[in-house]
Every structure is written in C-alpha cells, then in structure tokens.
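Trainee: when you get a sec, could you give me coordinates for this:
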Amino acid sequence: MLLLSAVLTLSCQQREDRLRTERTSGLMRELLTKLDSADVYAARKEAEIEACKLQLSDAATYRDKYNLLYNIANLYAHYSLDSSLVYIDKAVNVARQACDDRLRMFGDIRRSTILTIGGFYMTAAETLNSLPRKSLNEYQVAAYYNAWSLLYHELYTSPYEPESCRQEYRQRYDVYLDSLLNVADTMSVLYLRNMERKAAKAGDFAAAREYNAIRIKTVSDQRAYATCLYDRYMLAYQYEGNVTGKDIDDLLEATIIELEYCNRDIYSMLRVVSLLDDIGEVEDAKKVSDYYYGSDPGNEFLNVVWRQWRLMNRISVCFITRTVSF
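Mentor: Numbers count the residues shown, from 1 in each chain. Next up is the predicted model:
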C-alpha cells in the first residue's frame with residue numbers, strides 16, 4: 001500500500017509538472033487579478049462604443065453611417081447580444097433605405113452570425129435563407145458559406161439536438177466548409193482557420209499547427225491573436241489528446257486577452273474553470289465561472305428569459321432547418 005501510494009503521488013506530481021511552465025503560475029495570478037478589474041474593462045468597452053455612437057451624427061454619407069453602425073454591432077458582439085442585434089439591424093436598414101443591396105446583404109450575413117453566437121439558430125437560418133445566393137459577389141459568398149458552416153457547426157456539436165439531426169448537421173457543415181474553402185482567399189484568416197480545423201479532424205496535426213503558425217504571423221489585433229492561441233490549445237486538448245504546460249499557457253493568455261476586451265461568451269473561460277476544478281482550486285474556479293455566466297448589470301430578469309428562449313430555439317431548430325436548400 002505504501003508503494004502504491006508513493007507511485008500515485010509521484011504520478012500526480014509528474015502530471016502537475018507537465019501541465020505547467022515557468023509562466024503558468026504568473027498567468028493564472030494575472031487572470032484572477034484582472035477578474036477583479038472586470039468593471040474597469042467594461043467601462044473602457046462602453047467608452048469605446050459611446051465614442052463610435054457620437055460619430056454617427058457627423059456621418060457624411062450613408063456608407064459612413066453604415067460602417068459606424070456595423071462597427072458598433074461588432075463591438076457589442078460577445079458583450080451584449082441584444083445591443084449587437086439592434087445596431088446590425090440599424091446598419092441593414094440604412095443600406096436598405098439607400099437601395100444598396102451589397103451592403104444590406106453583408107449586414108444580413110453578419111446578423112446571422114451574431115444570432116448563431118447567441119444560440120438563436122432558427123432565426124439565423126431564416127436570415128440566411130432570405131438572401132439570394134446567386135446575387136452574392138465573390139466576397140459575400142465566402143462570408144455566406146462561413147455563416148452557414150458556423151451555424152451547422154454549432155448545431156452538430158450541441159448536446160440539445162437529437163442525434164439523428166446532429167448527423168445531418170455534420171454533413172451540411174462539411175458541405176458548406178468545402179464550399180467556403182473553394183472560394184476563400186488562401187491567405188485570409190477565414191481560410192487558414194478552417195483549413196487548420198479540417199487538418200486537425202483528419203489527424204494531420206503537423207499541418208494544423210502549421211496553419212495556426214501562419215495565422216499568428218498574419219493577425220493584426222489582440223482578439224484575433226487570442227483566437228489563435230485558443231485554437232492551438234484545443235488542437236492539443238481535443239485532437240492530439242496531449243496537453244502540456246505550454247498549451248495551458250496558451251489557454252490562460254487567450255482568456256486574459258478576452259477578459260481585457262470584456263467578452264463574456266468565450267469558451268476559453270469554461271476551459272479554465274475545468275482546469276481549476278481539476279487541480280482543486282474550487283474558489284478560483286467559481287470566480288471565473290461567475291464572470292462567464294454573469295448577466296448584464298441590472299438585466300438579470302431579461303437574462304433568464306433569454307436563456308429560456310435560447311433553449312427552446314435549440315430544441316426546435318431541428319425541424320425547421322430541414323427545409324434549407326444548398
């Protein structure tokens with residue numbers, strides 16, 4: 001028994017050593033400390049959004065106004081779903097009033113992805129179905145295929161959908177992904193990220209990591225960099241099945257960046273919660289979890305209603321998207 005205990009202790013110690021580097025403890029402390037400053041980051045986000053709103057009155061053309069509204073909608077994404085939808089709808093209306101079908105369709109495609117992020121899959125599918133596929137130009141087609149692949153990816157990975165529907169969604173996801181890869185710019189982040197995912201699913205981990213490395217060199221902002229780090233962690237965690245300390249560092253760094261941008265609906269935080277639970281840091285896990293699931297200030301009731309509608313949307317979507325045509 002003593003020998004067994006010693007072996008188990010040594011094995012646990014070796015596993016813990018493998019899951020950390022010289023940076024790991026510092027990154028974890030930084031994340032937990034910055035959680036205490038979440039209100040500061042929220043205020044900074046609000047100030048950035050308000051600055052964009054103030055520019056609306058000075059917009060010289062409908063295109064300028066559309067771009068500002070589109071940007072505001074993107075700033076609200078992952079932060080306030082309702083506000084994001086309000087402003088993307090305003091952008092679409094500006095394009096519609098100006099009879100600019102190109103901008104209107106771009107806005108509707110973005111609207112569908114925001115709806116998918118929020119879990120409103122039926123409405124996202126309806127929005128995409130309303131677009132005339134043959135009227136889309138080459139840039140819109142790539143965004144269009146990406147929106148469909150995002151929707152079906154969320155559906156086939158959702159535990160709320162029946163297994164028979166999830167199999168159908170997986171097939172549709174593969175079709176739209178292949179269509180996207182056929183039309184996307186081969187040096188775009190959109191192309192590289194999806195090729196990385198496709199290589200990982202095929203078991204070609206070296207190729208997947210190469211695509212990720214190219215993305216890291218080409219991204220121009222911290223949010224995109226955080227996504228690269230998170231995807232690199234998921235490659236090790238989900239596909240290779242061999243997480244190391246460096247992978248944990250990627251996860252923590254990605255989460256810190258998302259926290260600084262005040263993004264709530266971010267999967268990396270759930271991974272951190274699981275990591276903290278695994279090592280017995282229950283209080284710290286709760287701290288991160290509370291931030292992830294936290295409702296908007298003063299909006300707790302609406303948040304409950306939103307969750308209930310989101311669940312119903314997920315359960316019934318299987319019977320509606322069967323009518324979608326390619």
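
Trainee: who are the contact partners of Y62?
Mentor: Counting by C-beta atoms under 8 Å, 6 or more residues apart in numbering, Y62 makes contact with V94, A95, Q97, A98, D100. Every C-beta, even on glycine, is put in place using the N, C-alpha and C of the backbone.

Trainee: buried stuff in stretch 62-80?
Mentor: 65-73, 75-80 (16 or more other C-beta atoms under 10 Å).

Trainee: what's the answer for stretch 198-218, then?
Mentor: Buried residues in stretch 198-218, counted by 16+ other C-beta under 10 Å: K198, A199, A200, A208, R209, Y211, N212, I214, R215, I216.

Trainee: any idea how far it is from the chain center?
Mentor: Centroid displacement of stretch 198-218 relative to its chain, using C-alpha atoms, centre = their mean, to the nearest Å, is 18 Å.

Trainee: name the residues that touch that stretch?
Mentor: By C-beta under 8 Å, 6+ apart, stretch 198-218 touches 177, 181, 187, 189, 192-193, 195-197, 224-225, 228, 231-232, 235, 238-240.

Trainee: need the mean per-residue confidence for the helix or strand harbouring R96.
Mentor: Using DSSP states H and E, R96 falls within helix 81-97. If you average the pLDDT over helix 81-97, you get 96.

Trainee: I'd like the next helix or strand past that helix.
Mentor: Sequence-wise, the next helix or strand downstream of helix 81-97 (DSSP H and E) is helix 101-118.

Trainee: so what does that following helix touch, helix or strand wise?
Mentor: With contacts taken as 3 or more C-beta pairs under 8 Å, 6 or more residues apart in numbering; DSSP states H and E, helix 101-118 sits against helix 62-76, helix 81-97, helix 121-129, helix 138-156.

Trainee: phi, psi for Y79 please.
Mentor: Dihedral angles of Y79 (phi, psi; degrees, to the nearest 10) stand at phi -120, psi -50.

Trainee: distance of it from I117?
Mentor: 11 Å (C-beta to C-beta, to the nearest Å).

Trainee: same check on E283?
Mentor: Going from E283 to I117 by C-beta to C-beta gives 30 Å.

Trainee: before we move on, the earlier item: what packs against the helix holding R96?
Mentor: Identification of packing neighbours for helix 81-97 by 3+ C-beta pairs under 8 Å, 6+ apart yields helix 62-76, helix 101-118, helix 300-316.

Trainee: if we can go back for a sec, widest-spaced pair of the buried residues of stretch 62-80?
Mentor: K65 and H78 (23.6 Å; C-beta to C-beta).

Trainee: shaky segments in the stretch 1-150 of the chain?
Mentor: For the stretch 1-150 of the chain, applying pLDDT under 70 flags the ranges 1-18.

Trainee: quick revisit: tell me which of the buried residues of stretch 198-218 is nearest to G107?
Mentor: Closest approach to G107 among the buried residues of stretch 198-218 (C-beta to C-beta): R215, at 26.2 Å.

Trainee: what helix or strand does that closest one sit in?
Mentor: helix 205-218.

Trainee: quick one: contacts for the closest residue in space to D89 that isn't next to it in sequence?
Mentor: Nearest non-adjacent residue to D89, counting by C-beta to C-beta, 6 or more residues apart in numbering: R111, 7.0 Å away. The contact partners of R111, by C-beta under 8 Å, 6+ apart, come to L85, I88, D89, V92, T127.

Trainee: pretty sure I256 contacts L27?
Mentor: Yes. Counting by C-beta atoms under 8 Å, L27 is a contact partner of I256 at 6.9 Å.

Trainee: which residue, other than its chain neighbours, is closest to the residue most central in space within the chain?
Mentor: Nearest residue to the geometric centre of the chain (C-alpha atoms, centre = their mean): I266, 6.2 Å. In space, and not counting its chain neighbours, I266 is closest to E258: 4.5 Å by C-beta to C-beta, 6+ apart.

Trainee: picking up where we left off before, tell me which of the buried residues of stretch 62-80 is nearest to R23?
Mentor: Scanning the buried residues of stretch 62-80 for proximity to R23, where the rule is C-beta to C-beta, the winner is H78, at 25.7 Å.

Trainee: once you drop chain neighbours, what's closest to that closest one?
Mentor: Using C-beta to C-beta, 6+ apart, the nearest residue to H78 is N263, at 4.0 Å.

Trainee: other residues contacting stretch 28-41?
Mentor: Contacts to stretch 28-41, defined as C-beta under 8 Å, 6+ apart, come from residues L252, T255, I256, L259, E260, Y261, C262, V272, D284, K287, V288, Y291.
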